[in-house]
Each structure stands twice: as structure tokens, then as C-alpha cells.
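K.L.:
Just need the structure, nothing else, for what follows:
(one chain, ligands or ions: 1)
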Amino acid sequence: MNTATEEIKGRLNIVELISTYVRLEKSGTHYKACCPFHQERSPSFMVNEEKNMWHCFGCGKGGDAFAFVMEIDGLDFREALVLLAEKAGVELPTYRETEPGQKENKDRLFALLELATKFYEKQLWQGNGKAKILYYLRDRGLTDESITKFRLGYAPDGWRHLLEFLISKGFTEKELEQTGMILKREGSSGHYDRFRDRIMFPIFDIFGHVIGYSARVAPGGDETQAKYINTPETALYHKSRALYGLFHAKQAMKQAAMTVIVEGNIDVIALHQAGIEHTVAVSGTALTDEQLTLIKRYGKEVRLFFDMDGAGQKAARKSAELALEKELLVSIVTLPFGKDAADVGKESGEKLRQVVGEATTAQNYFLDTIVKTHDLTTATGKRQAVDEYVSLLRVIKNPIERAEAIKDLARAIDMDERLITGMVKSLFLEQSRRDGPAPLRAPEDPFRDKHAFGKRSELLRDELIALMYVDPVLRQDLQKKIMMQGLQSFFETHPLFFFLVQSGDGADPLALIEDQKLKSEVTRLSFHVLESPEVLGVTQEERKDIWQDMAKRYLADLYTEVTKREKLLSLEKALDEAREKNDKKREQELLAEFVLVSSATPDTGGEVV
Ligand SMILES: [Zn+2]
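P.N.:
You can find the predicted model right below:
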């Protein structure tokens, strides 16, 4: 796979590619423009032709050609690959995530589901379903236009209607099984229809192919059965990724840079009908990390519109935490108890638009709930309120937002902010102790370890990693030195280091990285080095020398910093022991040493920008 992406990148000129979307202007050694991914007046979006990369210093996004089209066209990697292969004139004959023959099989499965959908539609509009189902859907407030647009249908009561229809059209039982449409009869070789006497809501992929169904028990049907059943996991339908309504919502989601998430399929249609087309539903599962990743491609904000009952509120809380953790902006829509979105939509579209427009931030919403459910006149009540709010604070990564949330909490329960900060800190500690030791560092999040070491040592490390990135010769040289000086484990706290070591002096490390956040970190660091004032306007050879010199200085400084840090840590430990033993004299000595060590500055004095 890497060879195909490498070939495509080699053939495509990144400046030409980006120029088809954005007006680029040459500026020194790079090109710049106003960023297409965030609003700005002066350009901070940079493109570097030599390294085939782009980066925006305003919003922090960056990467290669793939990252660019994925971001601007809202594609996944596979789709970006197909698009860019076409632009570069590279054929992808060997690129198959499946075995030969499976592509044809997939196409047949799509055709099968398309035909099944037509069958169900016909049953709804002309067959048995007509009276009772259409009446029900219209009664829920759906228009015929919406029912047609979302291609709702009816699976008739009986064991073999769909099965016999599709077999008569030339599909095999095996294919029907592969799409999850039929089930094997226990203890015999026969099969029967999975969906019987149900309202069928087709689930589409982003291209509009039917990949599965969410099926609601027919009104007046067998209510002892589950209200909703979904297509099981198949080659086409992955429930942790699928979102009901995405195909019809994606354009509006991009435009609004925001997604409304509801619980039910009918709610989705009701909202679309009211003109709120950036709406999807999770069908049959709690909101997953994968779904949020997909949603985030279209915009940074989600609005949760869940039922007000216990289950709905619990799901809202969980989904909000998950979304906050992914650094999305999260707000909550509330309704009078006992009503759902479709009920309001039926009353009036205007009312529904108003309700959705009046969402409150998740932080405020949950704070309100907490305040209402605890007796804040007592110390215990306050303590419980803080305790409950902490799980939400834990997932807010942005320190400013977190400080705001603490301030709000302090105001709401009438306590001193510093006191709460203290409580929050100790609760964090308690919780992380309860959750066991932190998992081993996975090379994925460049920001996770931001506070593990001193700021300065981190800056030095990042500069060195950037130098290793832009200059493959320096990369190998530094890698050896880092190991010799025992700094390896510190460098490993930066996930890019792993990829640099992996790529040796050959491949472009950017090609090995899939994580978009890490890609942006790479391009940010590289631009920093490529455009640093020291190397502007010098020859390639001179540049290499300058970089080498920089690397030497930075590494020496870093060595001093890290040794100092280690010394301080062991002093801290000794101090704790002395305090425990109540050894005042030893404590004084150690404190003096601590001050001395921590105020020492490295003698090489290299400046880090
Ligand atoms: Zn930007």
C-alpha cells in the first residue's frame, strides 16, 4: 500500500494540487494562502513544495496531499487514495483490501440490497403495508416526500417473502446470508427472512448505497419482539461506523460545521423535514469513537438531542464525555419530559428549529443537573457534586475550558475556586489510582505528555525531532547520539520518534503515519525548521551545516536539562522521606540543594525559539 501512496505523492505536485482548491501565493521558499479550514484574514496556511507538505499555523492542521483532500473533501483514506490515484494517473490494480473476486462479490451484495430496498418500498406503497404502516408514519408527522427520500419500506409478515423474491432474481442463499437478510433454520438446512412485519429504514453509506437496515416492529405487530433490530455485522455493514442519515446529512454537516445527533431514525427524518439537515442517529448502539471520528471530519461541533428519560440522559452523558474527549464542542438540546424530537416536529417545524437552536453547552447542562440533584447546603452534598462533576472535567483537555468549568462549578455551589481546584486534583489522583497504572504510552497523541517534563526540555526535544525529520543523514546521526546519552526514553515520549526510527534514512516518515493529529504535528515542526531565520536564503549545503550545528547545541542543552530534571526528582523523593521521618535538619539541607539545582542554567546557552 505504501508504494502506491508513495508513487502518487511522487507524481503529484502538491502546489498544483492545492492550487485547484485554494489561491496560493509564492512567499520566499514556500507558498501561502488564507486557510480553507478556518476563518482568517491574513494567511497562515503554508505549502512547501520541496517536502511535499502543508501546514496551517492558525488552526494547526497539516500533512501531505492525502491529508489535504481528506480534510477538504471529507474523504476517508481509501476514498482519497482513489481520487488522487486518478489525478496522478496511477493505476491501483493491486490495491485491494479484499481478495480477488471479492470486489465483484461486493458489487453483487450492493445490488442485492438495492433490490431488497425496492421490494420493501413496493410493499409499503402498494402492498400489505399500505394501510397500517403509511398511516403510522404519517401520524408520526412524516410527509410522503420524506418517506420517499429516505426510502422507507415494509417487510411483510411471513417467513420467506424476501428470500423467494431475491432467489427468483438470481441471487443465492449464500449471498442473502452474507448481507444478513436471512437466518438459518435451527436443525435443518432451510433459511427464513430475518425481517418480518417491520418498518424498514435503509442505512446508506456515504455514496448512497444501501448497506443494511434498521427495522422497527410494525405498529400493532408482535410487541414482544425487540422494538428495533438491525442488520448484523457484515462485509458491508459495520455498526460501530454506520450512522443513520449520514448520506443525506453530510453536505449540511460540512456547511454547518456541526452535527446534530438524535436517538431515533424517525427523529432524523423529522429534523431533516424541519430543515435541520445536519442530523444523524446512532442506530442500535451507543455512540462510538469511530462514529465521532467520522463526524469530526465534517465539523468540530456536535449537538446531542436525546430523550429526556433516564436511559436517554445516561446515553447523553456518556456520549458527551466521549465527544469532549475527542475535543469536539458539545452542546445538549433539552425537551419537555416525555416528548421526543418527532413529537415536537409534528407540532411545528418552527418549534423544532427553536428547540435545537437553544442548546446549552454540555458543561453547563450537566452542572445544572448536578446542582439540582444534590443538597448544596451541606458539606457532603457539595463534596458529592464536585465528585460527580470531576468525571466530566477529566475529559476536557483544553486547560482554558477546564478552568472555566471549575469557575462555573465554584459559582454554582458557592465555594472558593482554589478549594475546588484542590479537590479536583486529589480526585483525579484518586481516580487514576483506582483505574490502575496508566497504560503504556502508545505512539499516537503528541500532546499527551505535554506536562511530563519541563517545558524547556520538551521544546529542545521537539526541535531535535524536527531536525531529524527534515534531514535523513542527521536523523541517523542523532539517533545514535540519543541512545549513547541515555535520552532514548525521553525521546520516546514523542510519538514521532517511533516513526523516525522506523523509517531509517529511507522512506518518508509522513507516509507511515495515519493519525491526522500527529501528521499536523509533523508538518508544524518541519515548517519551523525549514523556515527558521538561520537558514533562509542559504544554499542546501550551508543549510545542512547550520542544521548540524543546531542539533549539536540542542542536544547538549537537552542533556543538561534532563539530568537536572532527574536530579530534582530524586531530591523530591528524598525530601518526602525526610518529611515522613520528621527529620528537620535533613529537610533543610535537601531544600537548599533543590533550590540550587533548579535555578542552575545550562552553560552552553543555546536559545530555543
Ligand atoms: Zn487553518
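K.L.:
Tell me how far the residue nearest to K407 when sequence neighbours are not counted lies from A403.
P.N.:
In this structure, K407 finds its nearest non-sequential neighbour in E417, 5.9 Å apart by Cβ to Cβ, 6 or more residues apart in numbering. All C-beta atoms are positioned from the backbone trio N, CA, C, and that covers glycine. Going from E417 to A403 by Cβ to Cβ, to the nearest Å gives 9 Å.
K.L.:
Would you mark the buried spots in the host helix or strand of T380?
P.N.:
Secondary structure from DSSP states H and E places T380 in helix 379-395. Neighbour counts using 16 or more other Cβ atoms under 10 Å place 382, 384-387, 389-390, 392-395 of helix 379-395 among the buried residues.
K.L.:
can you list the residues that contact it?
P.N.:
For helix 379-395, the surrounding residues in contact (Cβ atoms under 8 Å, 6 or more residues apart in numbering) are 320-322, 324-325, 362-363, 366-367, 370-371, 374-376, 402, 405-406, 409, 413, 415, 420, 423-424, 427-428, 431.
K.L.:
bridging residues for M200?
P.N.:
Following DSSP bridges, M200 is listed with bridge partners G153, A215.
K.L.:
list the contacts for it?
P.N.:
With Cβ under 8 Å, 6+ apart, M200 has these contacts: 117, 120, 152-155, 213, 215.
K.L.:
Just the pLDDT at it, thanks.
P.N.:
The confidence metric pLDDT takes the value 97 at M200.
K.L.:
Ok, Y154 next?
P.N.:
Y154 is given a pLDDT of 95.
K.L.:
okay, now it: neighbour count?
P.N.:
Applying other Cβ atoms under 10 Å, we find 27 residues neighbouring Y154.
K.L.:
My read is that it contacts Y120, right?
P.N.:
Yes: taking contacts as Cβ atoms under 8 Å, Y154 lies within contact range of Y120: 5.9 Å.
K.L.:
Excluding sequence neighbours, find me the nearest residue to the residue in the stretch 501-609 of the chain that the ion sits nearest to.
P.N.:
Of all residues in the stretch 501-609 of the chain, S520 sits closest to the ion, with a separation of 10.0 Å (Cβ to the ion). Residue nearest to S520 in three dimensions, not counting chain neighbours: G62, with 4.3 Å by Cβ to Cβ, 6+ apart.
K.L.:
Okay, that neighbour and the ion: tell me how far apart.
P.N.:
9 Å (Cβ to the ion, to the nearest Å).
K.L.:
and what of N128?
P.N.:
Distance from N128 to the ion, by Cβ to the ion: 55 Å.
K.L.:
is it true that that residue touches G153?
P.N.:
No: taking contacts as Cβ under 8 Å, N128 lies outside contact range of G153: 11.8 Å.
K.L.:
of those two, who's got more company?
P.N.:
Neighbours were tallied for N128 and for G153 using other Cβ under 10 Å; the higher tally belongs to G153 (28 against 16).
K.L.:
residues touching the more buried one, list them.
P.N.:
117, 119-124, 129, 199-200, 202.
K.L.:
Just give me the least confident of those.
P.N.:
G129 (67).
K.L.:
contacting residues around the closest residue in space to A67 that isn't next to it in sequence?
P.N.:
Distances taken as Cβ to Cβ, 6+ apart place K519 nearest to A67, at 5.3 Å, with adjacent residues excluded. Each residue near K519 by Cβ under 8 Å, 6+ apart is listed here: 62-64, 67, 510, 513.
K.L.:
List the first helix or strand encountered after the helix or strand K519 falls within toward the C-terminus.
P.N.:
Using DSSP H and E, K519 falls within helix 516-530. As assigned by DSSP H and E, the chain's next helix or strand after helix 516-530 is helix 540-580.
K.L.:
could you give the mean pLDDT of that following helix?
P.N.:
84.
K.L.:
After that helix, heading C-terminal, what element do we hit next?
P.N.:
Downstream of helix 540-580 (by DSSP H and E), the next one is helix 584-599.
K.L.:
Enumerate every residue touching whichever residue of the stretch 101-250 of the chain sits closest to the ion.
P.N.:
Across the stretch 101-250 of the chain, no residue is closer to the ion than K250, which sits at 21.3 Å (Cβ to the ion). Counting by Cβ under 8 Å, 6+ apart, K250 makes contact with 74, 206, 298.
K.L.:
and with 10 Å instead?
P.N.:
74, 206, 243, 259, 277-278, 280, 294, 297-298 (Cβ atoms under 10 Å, 6 or more residues apart in numbering).
K.L.:
Can I have the buried ones of those residues as a ChimeraX selection?
P.N.:
Burial among those is assessed by 16+ other Cβ under 10 Å; the matching ChimeraX selection reads:
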select :74,243,259,277,278,280,294,297,298
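K.L.:
Now render the contacts of K250 as CSV, adding distance to the ion and secondary structure.
P.N.:
Supplementary listing: those in CSV, determined by distance: Cβ to the ion, whole Å; DSSP: H, G, I helix; E, B strand; the rest coil:
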residue, distance to the ion, secondary structure
G74, 16, coil
I206, 24, coil
L243, 26, coil
T259, 20, strand
E277, 26, coil
H278, 21, coil
V280, 26, strand
L294, 21, helix
R297, 15, coil
Y298, 16, coil
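K.L.:
got the contacts of K250 as TSV, with pLDDT columns?
P.N.:
Putting the contacts of K250 into TSV (pLDDT from 0 to 100) gives the following:
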residue	pLDDT
G74	74
I206	77
L243	92
T259	95
E277	94
H278	95
V280	96
L294	83
R297	78
Y298	81
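K.L.:
what about this protein, any weak spots by pLDDT?
P.N.:
1-2, 93-104, 129, 284-285, 337, 431-454, 504-507, 598-609 (pLDDT under 70).
K.L.:
Spatially central residue for it, please.
P.N.:
T293 (3.0 Å; Cα atoms, centre = their mean).
K.L.:
residues touching that residue, list them.
P.N.:
Contacts of T293 (Cβ under 10 Å, 6+ apart): 76, 241, 326, 516.
K.L.:
Please state the backbone phi and psi of the second one?
P.N.:
The phi and psi values for R241, taken as degrees, to the nearest 10, are phi -110, psi -30.
K.L.:
Tell me the residues on the chain that lie near the ion, please.
P.N.:
Proximity of the chain to the ion, by Cβ under 5 Å from the ion, involves residues 35, 37-38, 56, 58-59.
K.L.:
Redo the contacts of K519 as a markdown table? Include distance to Y237.
P.N.:
Shown next, in a markdown table, are the contacts of K519 (distance: Cβ to Cβ, whole Å):
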| residue | distance to Y237 |
| --- | --- |
| G62 | 34 |
| G63 | 30 |
| D64 | 31 |
| A67 | 28 |
| L510 | 33 |
| I513 | 29 |
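K.L.:
neighbour-wise, which of the residues of the chain next to the ion leads?
P.N.:
Going by other Cβ under 10 Å, C56 tops the residues of the chain next to the ion with 26 neighbours.
K.L.:
Alright, calling it a day.
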